[in-house]
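Undergrad: Okay, here's the prediction I keep looking at, along with the sequence it came from:
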Amino acid sequence: MSDSERAITALLELMARLRDPQRGCPWDREQTFATIAPYTIEEAYEVADAVERADPAQLRDELGDLLFQVVFHARMAQERGWFDFAAVASAIHEKLVRRHPHVFGGACAAGATAGAESPVTATFSEVSSNWEELKARERAAGGGLRGEASALVDVPKALPALIRAAKLGKRAARVGFDWPDAAAVRDKVLEELHEVDAAVAAAPSNTGHVAEEMGDLLFALVNWGRHLQVDPEEALRAANSKFERRFHQMEALARHRGLALDALSAADWDALWREVKGTEARAR
């Protein structure tokens, strides 16, 4: 048995022990798919954070936490007689072989390996296009995860709104529902912006209507980013990081000058912001 096999086996045994009705942990025994799901999402984001920080040790730990979430869900499913961890691993193995015909060709999923005698010649764009086409065929063959024939049916509702908006726009575009180019989406963004202004002007206290129009604006912005090949989630994460960095620098400047943060005027904050931006620009 390899080190990886031993480690996975030990983790699966640990999970079974934690869920044991008599000898397990009271907290682990009480968990359900619904109560664990938020932790699963949180751990995925912590993996992304470790990647962004380029921290190998943190990445190793966070990947472990995420793997434990998979093991936890698989154990609960096994207890219900649905499937076990081996079935999860086998299913993703078979799917990846099926979706990589440029690597495995007609190889059997059970023991498929990339042969050195068959070098991969497909380009990145060809692989991406084929991947989406294969996924579309699978959705059509299966009628979607819930038995519905729709291009949008299996876009998870639990995804962060920006990511889900991008996926919905991309799926709709694959069946022809899309703007012709980025310029057309920009026009839509301006249209939605005017509609937000109109909603605020007509009834500023009607927050429901304003929120609806703001949502339309955000959805249009996401699709503008798609046409410009900009990932909205990554773009906003970068903007968040930039804002956080600059705000910390403003706080440091204010404290260095003996200024009370809660006593600064809007003009004071604006001056600090401009100073920080100027310092960053000169450092480039």
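TA: In hand now; what should we look at?

Undergrad: show me what contacts Ala136?
TA: 151, 174 (C-beta atoms under 8 Å, 6 or more residues apart in numbering). In this view, the C-beta of every residue, glycine as well, is placed from N, C-alpha and C.

Undergrad: contacts for whichever strand or helix holds Glu192?
TA: For Glu192, the element it lies in under DSSP states H and E is helix 182-202. Helix 182-202 is contacted by residues 179, 206, 209-210, 212-214, 216-217, 219-221, 223-224, 227-228 when judged by C-beta under 8 Å, 6+ apart.

Undergrad: Narrow those to just the buried residues.
TA: Buried subset of these (neighbour count, 16 or more other C-beta atoms under 10 Å): 179, 209-210, 213-214, 216-217, 219-221, 223-224, 227.

Undergrad: Check whether the spatially most central residue of the chain sits in a helix, strand or coil.
TA: Computing the C-alpha centroid of the chain and ranking residues by C-alpha atoms, centre = their mean puts Ile163 first, at 6.1 Å. Here Ile163 is helix, with the state taken from DSSP: H, G, I helix; E, B strand; the rest coil.

Undergrad: Please look at it and Glu233 and confirm they touch.
TA: Yes - Ile163 is in contact with Glu233 according to C-beta atoms under 8 Å; the separation is 5.1 Å.

Undergrad: overlap in contacts of the two?
TA: Residues touching both Ile163 and Glu233 by C-beta under 8 Å, 6+ apart: none at all.

Undergrad: what's the residue nearest to the centre of the chain in contact with, if anything?
TA: Contact analysis of Ile163 by C-beta under 8 Å, 6+ apart lists 232-233.

Undergrad: quick one: average confidence on the helix holding Glu192?
TA: In this model, helix 182-202 has a mean pLDDT of 96.

Undergrad: what about it, distance to the chain center?
TA: Its chain's C-alpha centre and that of helix 182-202 lie 27 Å apart, by C-alpha atoms, centre = their mean, to the nearest Å.

Undergrad: swap in stretch 24-39?
TA: Relative to where its chain is centred, stretch 24-39 has its mean C-alpha point 23 Å off (C-alpha atoms, centre = their mean).

Undergrad: What's the end-to-end length of it?
TA: Chord length of stretch 24-39, first to last residue, is 20 Å (C-alpha to C-alpha, to the nearest Å).

Undergrad: buried sites along it?
TA: Buried, per 16+ other C-beta under 10 Å, within stretch 24-39: 28, 31.

Undergrad: cool, and stretch 8-19?
TA: Residues 8, 11-12, 15, 18-19 are the ones in stretch 8-19 that count as buried (16+ other C-beta under 10 Å).

Undergrad: As PDB, could you dump the C-alpha coordinates of the helix or strand bottoming out on mean pLDDT in the chain?
TA: Using mean pLDDT, DSSP states H and E, helix 124-142 stands out as the lowest-scoring helix or strand of the chain, at a mean of 70. Taking Å, rounded to 0.1, in the frame of the first residue of the first chain, the C-alpha atoms of helix 124-142 are listed here in PDB:
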ATOM      1  CA  PHE A 124      -5.800  24.900 -25.000                       C
ATOM      2  CA  SER A 125      -8.700  26.500 -26.800                       C
ATOM      3  CA  GLU A 126      -9.700  23.200 -28.400                       C
ATOM      4  CA  VAL A 127      -9.600  21.400 -25.100                       C
ATOM      5  CA  SER A 128     -11.800  24.100 -23.500                       C
ATOM      6  CA  SER A 129     -14.300  24.000 -26.300                       C
ATOM      7  CA  ASN A 130     -14.400  20.200 -26.300                       C
ATOM      8  CA  TRP A 131     -14.800  20.100 -22.500                       C
ATOM      9  CA  GLU A 132     -17.900  22.400 -22.600                       C
ATOM     10  CA  GLU A 133     -19.300  20.300 -25.500                       C
ATOM     11  CA  LEU A 134     -18.900  17.100 -23.600                       C
ATOM     12  CA  LYS A 135     -20.600  18.600 -20.600                       C
ATOM     13  CA  ALA A 136     -23.500  19.800 -22.700                       C
ATOM     14  CA  ARG A 137     -23.900  16.300 -24.200                       C
ATOM     15  CA  GLU A 138     -23.900  14.800 -20.700                       C
ATOM     16  CA  ARG A 139     -26.600  17.300 -19.600                       C
ATOM     17  CA  ALA A 140     -28.700  16.600 -22.600                       C
ATOM     18  CA  ALA A 141     -28.400  12.800 -22.200                       C
ATOM     19  CA  GLY A 142     -29.200  13.000 -18.500                       C
END
